[in-house]
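Could you look at this predicted model? Sequence included:
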Amino acid sequence: MLPRIDLPDLLFEVHSWTGFLDGFTHVSEGTCRMAGLDISLVALLVAESCNIGLTPVINPHYPQLTRSRLSHVDQNYLRGDTIAAANAKLIDAQARIPRAQSWGGGLLASVDGLRFVVPARTINAAPSPKYYGYKRGITWLNAVNDQVSGIGAMVVPGTPRDSLFILDTLLNLDGGETGDDRD
């Protein structure tokens, strides 16, 4: 029943409602924005989220989609803090939707962890015989508010003491209203 739409078109539509792409700022924190930055950002978000790499989104006929341009935007605009800022805009926009308001005020959060075995060697994977046997794994802590919005997440080593990271996850949320500034 939903119309068929390309993922980039959906991201542009959501940006027109929320302005989430404005959360991606240059590493120098300058206010100047290059022309067509939103096109480059959407291409990179699609490439990252679909885990397809840059090759499928590169188009040398469009200046915003050349390999050098995408590489520059990736290195200077896509960072943890800018992704959190963009996510905060999405969380705030969802909080204004009447249906989400009927679910809750957005002030309650639930943090839950999912454990994964990691087959490749990585700095975040750690052994835990209780959960992984002889293998190494990680725990992904995800914070969700009562408006069913993902407000923060953290990857922690798969050790029995991963519960110590819950407070860190809650203190470093991506965004959302605090209740004081709600209209």
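Nice, thanks for sending it over.

partners of the helix or strand containing residue 156, with directions?
Using DSSP states H and E, residue 156 sits in strand 150-157. Looking at strand 150-157 with DSSP bridges, its partner strands are strand 136-145 (antiparallel).

buried residues in the strand it pairs with?
136-141, 143-145 (16 or more other CB atoms under 10 Å). From N, CA and C alone the C-beta is placed, and that goes for glycine too.

Stretch 119-127 now?
125-126.

now it: mean pLDDT?
Averaged across stretch 119-127, the pLDDT comes to 83.

same check, this time on stretch 3-18
pLDDT averaged over stretch 3-18 gives 93.

contacts for that stretch?
With CB atoms under 8 Å, 6 or more residues apart in numbering as the test, stretch 3-18 has contacts from 20-21, 38, 42-43, 45-46, 50, 89-90, 92-93.

Which positions in that stretch come out as buried?
Buried residues in stretch 3-18 (16+ other CB under 10 Å): 11, 15, 18.

can you check stretch 60-74 too?
So stretch 60-74, judged by 16+ other CB under 10 Å, has buried residues 64-65, 69-70, 73-74.

what ranges do the helices span in this protein?
Assigned by DSSP state H, the helices in the chain fall at 7-18, 37-49, 67-77, 80-95, 98-103, 129-132, 166-171.

want to throw those helices into a markdown table with distance to residue 149?
Output for these, formatted as a markdown table (distance: least, CB to CB, whole Å):
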| stretch | distance to residue 149 |
| --- | --- |
| helix 7-18 | 12 |
| helix 37-49 | 17 |
| helix 67-77 | 23 |
| helix 80-95 | 5 |
| helix 98-103 | 7 |
| helix 129-132 | 28 |
| helix 166-171 | 14 |
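
looking at these, which one has the lowest mean pLDDT?
helix 166-171 (a mean of 75).

buried set for it?
For helix 166-171, by 16+ other CB under 10 Å, it's 166, 169.
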